[in-house]
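Engineer: need coordinates for the below:
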Amino acid sequence: MLFRIHFEIGIYPDRIQVSDLRSGRFVDFAAEVPFSAPGRLVADPIYFENALVKALRKAMSGGFILLDAQADISTGDVVLDASERQMVRRSLRDIGFKTVRFGSLEDEEPGPPLPPSLSALFL
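Structural biologist: Residues are numbered from 1 along each chain as shown. Okay, here's the model as predicted:
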């Protein structure tokens, strides 16, 4: 059986926490290479994406499908600025997430629509 992905992702200085909202599985992953800097939670997008992928991989179990993968982002008391949100969003989009929400903010940049040939399969 395949499951759609819906994760809650917590971003902290050089640390990522992932909760799989379907299974309840929780992962607390310390980045092997720092992605934060003084005054910036996400300073290096490459190291951030590397840590994010490793944390997500540890949280996944069973079969999954990236058709409508969703991520809800929290950052504790830190507020991400627009460029940091864009780095996080780009990293998640590169991995295959379609919907990315930052706290109570709706996704500022909706994911691309499915190609017609693929969307025809879901009618």
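Engineer: alpha carbons only for contacts and neighbour counts from here, please
Structural biologist: Will do.
Engineer: strands of the protein, start to end?
Structural biologist: 2-12, 15-20, 26-30, 63-74, 99-102 (DSSP state E).
Engineer: elements contacting the third one?
Structural biologist: With contacts taken as 3 or more CA pairs under 8 Å, 6 or more residues apart in numbering; DSSP states H and E, strand 26-30 sits against strand 15-20, helix 45-59.
Engineer: which residues sit against the first one?
Structural biologist: In this case it means strand 15-20. 5-11, 25-31, 51-52, 55-56, 59-60 (CA atoms under 8 Å, 6 or more residues apart in numbering).
Engineer: just the buried members of those?
Structural biologist: Among the contacts of strand 15-20, those classed as buried by 16 or more other CA atoms under 10 Å are 5-11, 26-27, 29-31, 51-52, 55-56, 59-60.
Engineer: H6 touches A69, doesn't it?
Structural biologist: Yes. Counting by CA atoms under 8 Å, H6 touches A69, with 5.9 Å between them.
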